[in-house]
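In: Compute the structure for the input listed below.
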Amino acid sequence: NFRSIDIAPNEVPNVIEKSGSEFVWYGETNLYPDQLFDLKHGSPTHNSILKTKSKMMAGSGLLYNNTKTLEDSNQYYESLQGLQKAELDYLLNNKVGGVTLDELRLLLSSEFQDYGAYAFSYLFNKDFSKIAGVRFYKTSNIRAGKMVNGKVETYYYSKDWAQYRKDGYKPVPIKAYVKGNKDASEQLVYRKVGTMDYYGIPSYSGGLNWIYTDFQMGVFHRGNMENGMNPGLHFKFYRKPASQEEEDEIIKNIKKQWQGAAKTGKMIATFNPDKETAMDIAPVETSNLDKQLQIVAQLCDQKILTAHQLTSPMLAGISSNNGMSSNSAELEISYQLLDGLIIESDRAILEKDIKEMFEYNKIGIPVELAKFKPFGQESSNDATEALNSLSPLVATKVLETMTQNEIRDLAGLPPAIEPIIPSTTPTNNIVTNG
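Out: Numbers count the residues shown, from 1 in each chain. Predicted structure coming up:
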């Protein structure tokens, strides 16, 4: 008999309303956000993309009073006086909440890109006339209560959901924020994207299997390095199990001891009463393993980039060999596409919440997020705007049809100087068909 041992891939979670539970489970083990956290820190490509998207969503700061640059906005801020400046400083410093509004902006953006959701709470003063503070919550620490009339009325917080039954970790209820509600001094805001009723789904969810593969490849190589670069193994038994249960138990023990990238190349010691009943362990030779791993690594990068809708790998720190003498043109155009087609809608969600804070506390100053501009200036010609109006797939196809200097011109860069390659073939030595 022969049975293969499969490793189950990571999947988009099931949301489970368990009877007897006040909160809704986020995944089969209720620890789906922890799995996303592990994948982020196990896949360098994925991690790099998330950091870039987070910075883009957060923006480079706040623009006051319809100013267009941070310099003008800072000048306007310095011109404020009296009660209006005091009220603005109170909200910006956010001492009751424990983090400044700038820090909160960065934290919420990171959470949103990592988990497809972010969470914070309003801490109101006694008469609910002002937001006294804004408290940040890690998305992984929040679970939704069951819906009542189609809405979540209560959320639950635990420092560690893996230990939520223990003292010190038991879920603490927090009322959901409802504008005008004056029944609870702390009310939680949970912003999400995706089609699930209770929890957010990150934009890269379609690439989770590839992110998981990238993560496991790193673990595999580390296991090989630590354990001697040994190949896979074939366990051969010379005694048929007496029952299906015994066979299942043998397979279970093999899985426990040897399955997984981290256990690659692990040393084996066996003890048997005699040679006739001894188990044989033979290496499973794989031809061209190095080439196969290289192909998988390249596929992982490509699929992860696609899942994040990046048109250029260079935004993730991956080199690009497209023949361009300068990569700045490709970078800037790809950055503009990513911002206009994907990040702008995410940033609008965060900007709306910041505006609501200003309005609730009657600051009386228009506010918006300044776009993060890593290239120092933003191209605004008609061609760039036209590209931004296209889907990422179509925009990429358009870029593929353009010459190097056309792309550089689109990004506001000078034409590339092409090197002159001397000919080694005599001009009179021409072969033609005909």
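
In: switch to C-alpha atoms for all contacts and neighbour counts from now on
Out: OK.

In: What is the burial count for residue 355?
Out: 16 (other Cα atoms under 10 Å).

In: now swap in the one 3 residues further on and tell me
Out: When neighbours are counted by other Cα under 10 Å, residue 358 registers 19.

In: I'd like to know which elements the host helix or strand of it is packed against.
Out: Element membership of residue 358 [criterion: DSSP states H and E] is helix 344-360. Using 3 or more Cα pairs under 8 Å, 6 or more residues apart in numbering; DSSP states H and E, the elements in contact with helix 344-360 are helix 44-58, helix 101-115, strand 367-370.

In: Does residue 331 touch residue 310 like I think?
Out: No. Using Cα atoms under 8 Å, residue 331 makes no contact with residue 310, being 10.7 Å away.

In: Please identify which of these two sits among more neighbours.
Out: residue 310 (22 against 18).

In: what's the helix or strand for residue 122?
Out: strand 117-124.

In: for the residue nearest to residue 115 when sequence neighbours are not counted, phi and psi?
Out: Distances taken as Cα to Cα, 6 or more residues apart in numbering place residue 202 nearest to residue 115, at 5.0 Å, with adjacent residues excluded. Taking degrees, to the nearest 10, you get phi -60, psi 150 for the backbone angles of residue 202.

In: For residue 357, see how far away residue 202 is.
Out: Here the criterion is Cα to Cα, to the nearest Å. By it, residue 202 lies 25 Å from residue 357.

In: Looking at these two, which has the bigger crowd around it?
Out: The residue with more neighbours, out of residue 202 and residue 357, is residue 202; 21 against 17, by other Cα under 10 Å.

In: Per-residue pLDDT of that one, please?
Out: At residue 202, the predicted lDDT confidence score is 93.

In: quick one, what contacts it?
Out: When contacts are counted by Cα atoms under 8 Å, 6 or more residues apart in numbering, residue 202 touches 112, 113, 114, 115, 116, 117, 193, 194.

In: okay if I get the helices and strands packed on helix 344-360 as JSON lines plus mean neighbour count?
Out: Output for the helices and strands packed on helix 344-360, formatted as JSON lines (neighbours: other Cα atoms under 10 Å):
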{"stretch": "helix 44-58", "mean neighbour count": "22"}
{"stretch": "helix 101-115", "mean neighbour count": "22"}
{"stretch": "strand 367-370", "mean neighbour count": "22"}
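
In: got the ones you listed as TSV, with distance to residue 142 and mean pLDDT columns?
Out: Formatted as TSV, the helices and strands packed on helix 344-360 follow (distance: least, Cα to Cα, whole Å; pLDDT from 0 to 100):
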stretch	distance to residue 142	mean pLDDT
helix 44-58	20	93
helix 101-115	12	97
strand 367-370	26	96
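
In: Would you tell me which of those gets closest to residue 17?
Out: Among the helices and strands packed on helix 344-360, helix 101-115 comes nearest to residue 17, with 20.2 Å by Cα to Cα.

In: With just CA atoms, put that closest one into PDB.
Out: Coordinates of the C-alpha atoms in helix 101-115 are reproduced here as PDB (Å, rounded to 0.1, in the frame of the first residue of the first chain):
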ATOM      1  CA  LEU A 101      -2.900  61.400  15.500                       C
ATOM      2  CA  ASP A 102       0.100  61.100  13.100                       C
ATOM      3  CA  GLU A 103       1.100  57.800  14.800                       C
ATOM      4  CA  LEU A 104      -2.600  56.600  14.600                       C
ATOM      5  CA  ARG A 105      -2.600  57.400  10.900                       C
ATOM      6  CA  LEU A 106       0.400  55.100  10.300                       C
ATOM      7  CA  LEU A 107      -0.900  52.300  12.500                       C
ATOM      8  CA  LEU A 108      -4.300  52.200  11.000                       C
ATOM      9  CA  SER A 109      -2.900  52.200   7.400                       C
ATOM     10  CA  SER A 110      -0.600  49.300   8.300                       C
ATOM     11  CA  GLU A 111      -3.500  47.300   9.800                       C
ATOM     12  CA  PHE A 112      -5.700  48.000   6.800                       C
ATOM     13  CA  GLN A 113      -3.200  46.700   4.300                       C
ATOM     14  CA  ASP A 114      -2.300  43.600   6.500                       C
ATOM     15  CA  TYR A 115      -5.800  42.500   7.400                       C
END
